[in-house]
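Trainee: show me how the following folds:
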Amino acid sequence: MRDSKVRPRYQRIKEFIYRGIKGHTYPPDSQIPAEIELARMFKVSRMTANRAVRELVNEGILVRHQGLGTFVADIQAESPLLEIRNIADEVRARQHIYSNELRLLQKEQASAEVAARLGVAKGSPVFHSLILHKENGVPIQIEDRYVDAAIAHGYLEQDFSRITPNQYLSELFPLSEIEHIIEAVLPDRQVHELLKIDPNEPCLLVNRRTWSDGRLISYARLIHPGSRYRLSSRSARF
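Mentor: Residues are numbered from 1 along each chain as shown. Now for the predicted structure:
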């Protein structure tokens, strides 16, 4: 009787390529082994290797260049500037895999800077979360968020591996106003270690504040690696 847990052979090749991308053996724009070489490495038919590569191309992980070979796609996420979208939905809309790491979730006293940003008195209770968002295992955003504890009472009880702060707050407090201030910055040590980027790679920093019915709900610093993210806007003239 065949073991139902045995992975299909083409899936083993896909996992090998996934690991290579995540471990930077195959960085963006680098060429992966040819199908004939993959078939030899895994002792499978050329057809099996072709299926693995074809599925990764269809998922947007790889891209074929006629006559040159198959390369790792340069994933550069794009977010609309004039609206707020849930980053998990953005990633999944590209047919990619979303995941995150919760690095911090706690109650604090607002510093002078945070108090000014949130419109509360210095020392007021605020909730602070730090989440690393990933696309296909690659970090694309650090979300450093402060929320007024007097408004979003259940923030610390949320499972942010299942629901993002954006989704949770949007459901409780429908958006009525948004402010974006965008800067180009160099990463500090924590940022370049979390995003796994060179210390000299420029980042996009989006300072975002959101209101609901005139109440200032949240202040977030969203930090993106410049090589993996871009912001876009589109407006009509009347």
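
Trainee: quick one: Pro139 from Glu101, how far?
Mentor: Pro139 is 9 Å from Glu101, where distance means Cβ to Cβ, to the nearest Å. (C-beta placed from N, C-alpha, C; glycine too.)

Trainee: now swap in Gln66 and tell me
Mentor: 38 Å.

Trainee: quick one: contacts for Arg12?
Mentor: Contact analysis of Arg12 by Cβ atoms under 8 Å, 6 or more residues apart in numbering lists Phe42.

Trainee: returning to that earlier point: more neighbours, Gln66 and Glu101?
Mentor: Glu101 (14 against 5; other Cβ atoms under 10 Å).

Trainee: surely that one touches Leu130?
Mentor: No. Under the criterion of Cβ atoms under 8 Å, Glu101 is not in contact with Leu130, lying 9.3 Å apart.

Trainee: does Arg92 count as helix, strand or coil?
Mentor: Here Arg92 is recorded as helix under DSSP: H, G, I helix; E, B strand; the rest coil.

Trainee: show me what contacts the nearest residue to Gly119 once chain neighbours are set aside?
Mentor: Once flanking residues are discounted, Gly119 sits nearest to Leu216: 4.6 Å by Cβ to Cβ, 6 or more residues apart in numbering. The contact partners of Leu216, by Cβ under 8 Å, 6+ apart, come to 118-119, 148, 209-210.

Trainee: please tell me the pLDDT value assigned to Leu216.
Mentor: Confidence at Leu216, expressed as pLDDT, is 94.

Trainee: hey, what's it bridged with?
Mentor: Assessed by DSSP bridges, Leu216 has beta-bridge partners Trp211.

Trainee: that older thread, and the contacts of Leu216, which are buried?
Mentor: Neighbour counting with 16 or more other Cβ atoms under 10 Å marks 118, 148, 209-210 as buried within those.

Trainee: confirm Arg51 sits in a strand?
Mentor: No. Under three-state DSSP, Arg51 sits outside any strand and is assigned helix.

Trainee: thought it was touching Tyr10?
Mentor: Yes. Counting by Cβ under 8 Å, Tyr10 is a contact partner of Arg51 at 4.5 Å.

Trainee: now the helices for this structure?
Mentor: Secondary structure of the chain, counting by DSSP state H: helices at 9-22, 35-42, 46-58, 87-93, 112-118, 165-172, 189-195.

Trainee: taking helix 46-58 as reference, get the angle to the first one.
Mentor: Put plainly, it is helix 9-22. Put simply, helix 9-22 runs at 50 degrees to helix 46-58, going by axes from the mean of the first three to the mean of the last three Cα atoms, to 10 degrees.

Trainee: quick check: buried residues in helix 9-22?
Mentor: 9-10, 13-14, 16-18, 20-21.

Trainee: and it, how far out from the chain's middle?
Mentor: Centroid displacement of helix 9-22 relative to its chain, using Cα atoms, centre = their mean, to the nearest Å, is 21 Å.

Trainee: need the contact list for the closest residue to Ser99 other than its chain neighbours.
Mentor: Among residues not flanking Ser99 along the chain, Lys134 sits closest, at 4.8 Å (Cβ to Cβ, 6+ apart). The contact partners of Lys134, taken as Cβ under 8 Å, 6+ apart, are 98-101, 140.

Trainee: for these, which one is nearest Leu169?
Mentor: Nearest to Leu169 out of the contacts of Lys134 is Asn100 (Cβ to Cβ; 15.7 Å).

Trainee: so what's that closest one up against?
Mentor: 88, 131-134, 160-161, 164.

Trainee: hmm, 7 Å instead?
Mentor: 131-134, 161 (Cβ atoms under 7 Å, 6 or more residues apart in numbering).

Trainee: dump the residue contacts of Leu222.
Mentor: 141, 143, 206, 208.

Trainee: and the third one, how far from Glu113?
Mentor: Using Cβ to Cβ, we find Val206 at a distance of 17 Å from Glu113.
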